[in-house]
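Student: sharing a model that was predicted from the sequence below.
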Amino acid sequence: MTDQTLNGPDAPRGCPVAHGSADDLTRLYGPDAATDPRGIYERLREQHGSVAPVLLEGDVPAWLVLGYRDNRRVLDSPRQFTRDARIWRDWREGRVPDTSPIMPMVGWRPDCVSQDGEPHRRLRGAVTDGLLAAAGRGVRRHATYFANKQIDAFAGAGRADLVADYAEYLPMLVLTRILGLPAGDGSRLVESSAQVLKGGEDALLHNDRIIEILGELAERKRAEPGSDFTTALIEHPAGLDAEEVVMHLRLVLIAAHTTTSNLLARVLQRILTDTSRLSGLVSGQLTVSAVVEEVMWDTPPLAVMPGRFATADLELGGHRIAEGDLLVLGLTAGNVDPEVRPDAGVSVQGNQSHLAFSSGPHECPGQSIGQAILEVGVDVLLHRLPGLRLGVAAEELTSTASTWESRLDRLPVEFAV
């Protein structure tokens, strides 16, 4: 895509890049975005207010919603801001190809997050029913088993990296039980799920790998049903077809794994860099859910959520948004919006109005499962590893961001053997 394509006389009506050269707009990918996404959000807020024109990977134009109230408006108003990417003008008119690395995150597919209205209700009902059934079949038992198994691998060493050795794998291992997958598929799916969110030239390849593995799973479960989420989707009265089943397995796998693993790492970081929180958890004066709440406000597992599309010309945050424009939701930026949170240092315990789980009809339906994995993951770790402490200075901990998330690179710890 060239600047002439975006800025000449045929520049798409309302397209963010039509308001200036692509070189004038901020990219939400690349070296700067990887190291200082928060700095970028704040500069954009200063320059543009609560909504800012940006470029996604491949210089795809979009509007980044930075304000808390504007995020709420977009999330809660599906008639104005649909999740259905088939009205996305830049894709429809050929400026964004199906081979774009952002398509696994933004493009349309036959799942409940890609649709609104009755199609959404039908598909989401099947997902919600399946997750409710899964939550009642021993998620905490599975989480306890796999947490202990992961810890067994490094408990005798006196040191570990709680990102690579623990947080990256625990949620996926639990998900293999929930979905009915062999545990051996977990490591391959961890890599592929991470790559889909990271983007880059391999995103589509890894997305195809996920679909292939889950397609084989669905075929097995049709032949040999079980007490798992996959069978629940196949047998649901909503009558999902074969493609709908696989796309919802993909949705749950990527969303549940990437968000829960990221959140687990951030919760452990918060605990280990604040001795008062660690001692509070050990003594029982503080709960894991209270720490999770803080992290949800300050470093939500998805920093930016894709995507919504304007259903008509409208105004948002003082900007003219045109029908078919793509908007992405700045969940981290919205959570620290000074208009609603002027003092980010004030305690948010008991306040669950953060944006981390989204909002409106597409709010995350699997919150209880993620919460169970987090609570068990932290509790088992603290019980198994006496004297657990950070193995480096807190300021040495680093993160790497993609467009959609900021992940802790490593969390070295030491403990008694």
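Tutor: Now that the structure is in, tell me what you want to look at. Residues are numbered from 1 along each chain as shown.
Student: quick one: secondary structure of the residue nearest in space to the middle of the chain?
Tutor: Nearest to the mean C-alpha position of the chain, counting by Cα atoms, centre = their mean, stands residue 302 at 3.9 Å. What DSSP: H, G, I helix; E, B strand; the rest coil gives for residue 302 is coil.
Student: wait, what's in contact with it?
Tutor: Taking Cβ atoms under 8 Å, 6 or more residues apart in numbering as the criterion, residue 302 is in contact with 258-259, 331, 356, 404-405. In this view, the C-beta of every residue, glycine as well, is placed from N, C-alpha and C.
Student: by contact count, what packs against the helix or strand residue 61 falls within?
Tutor: Residue 61 is located in strand 60-65, with elements delineated by DSSP states H and E. Helices and strands touching strand 60-65, by 3 or more Cβ pairs under 8 Å, 6 or more residues apart in numbering; DSSP states H and E, are strand 51-56, strand 326-330.
Student: and that strand, which strands flank it?
Tutor: Counting by DSSP bridges, the strands paired with strand 60-65 are strand 51-56 (antiparallel), strand 326-330 (parallel).
Student: now do the helices in the stretch 101-250 of the chain.
Tutor: Here the stretch 101-250 of the chain has its helices, by DSSP state H, counting those that start in this stretch, at 103-106, 117-135, 139-152, 170-179, 186-198, 203-223, 229-235, 242-272.
Student: out of those helices, flag the one nearest residue 76.
Tutor: helix 117-135 (14.1 Å; Cβ to Cβ).
Student: that closest one - what's its average pLDDT?
Tutor: Helix 117-135 carries an average pLDDT of 92.
Student: quick one: it to helix 170-179, angle?
Tutor: Put simply, helix 117-135 runs at 100 degrees to helix 170-179, going by axes from the mean of the first three to the mean of the last three Cα atoms, to 10 degrees.
Student: residues of helix 117-135 that come out buried?
Tutor: Judged by neighbour count using 16 or more other Cβ atoms under 10 Å, the buried positions of helix 117-135 are 120, 122-124, 126-127, 129-131, 134-135.
Student: quick one on the thing from earlier: got the phi and psi for the residue nearest to the centre of the chain?
Tutor: The phi and psi values for residue 302, taken as degrees, to the nearest 10, are phi -110, psi 120.
Student: now residue 309
Tutor: According to degrees, to the nearest 10, residue 309 has phi -130, psi 130.
Student: got the end-to-end distance for stretch 163-182?
Tutor: In stretch 163-182, first residue to last residue: 23 Å (Cα to Cα, to the nearest Å).
Student: then stretch 95-104?
Tutor: Using Cα to Cα, the end-to-end distance of stretch 95-104 comes out at 16 Å.
Student: any residues touching it, and which ones?
Tutor: Residues from elsewhere that reach stretch 95-104 (Cβ under 8 Å, 6+ apart): 1, 5-6, 12, 56-58, 60, 88, 90, 107, 196, 199-201, 203-204, 207, 306, 403.
Student: where does pLDDT dip in the protein?
Tutor: For the chain, applying pLDDT under 70 flags the ranges 1-23, 344-350.
Student: just to revisit the earlier point, buried ones in the strand holding residue 61?
Tutor: Buried, per 16+ other Cβ under 10 Å, within strand 60-65: 60-65.
Student: stretch 281-291 now?
Tutor: By neighbour count on 16+ other Cβ under 10 Å, the buried set for stretch 281-291 is 281, 286, 288, 290-291.
Student: ok, so of those residues, who is nearest residue 269?
Tutor: Taking Cβ to Cβ as the measure, residue 269 sits nearest to residue 291 out of the buried residues of stretch 281-291, at 10.3 Å.
Student: how close does that closest one sit to residue 108?
Tutor: 37 Å (Cβ to Cβ, to the nearest Å).
Student: what do you get for residue 52?
Tutor: To residue 108, residue 52 is 25 Å away according to Cβ to Cβ.
Student: between the two, which is the more surrounded one?
Tutor: Applying other Cβ atoms under 10 Å to residue 52 and residue 108 shows that residue 52 carries more neighbours, namely 27 against 17.
Student: ok, now which ones touch that one?
Tutor: 26, 44-45, 63-64, 66.
Student: now do residue 286
Tutor: Residue 286 sits next to 277, 280 when contact means Cβ under 8 Å, 6+ apart.
Student: you'd agree it is in a strand?
Tutor: No - with three-state DSSP as the criterion, residue 286 is assigned coil and is not in a strand.
Student: circling back to that earlier point, just name the closest of the contacts of residue 302 to residue 75, please.
Tutor: Set against residue 75, the nearest of the contacts of residue 302 by Cβ to Cβ is residue 331 (9.6 Å).
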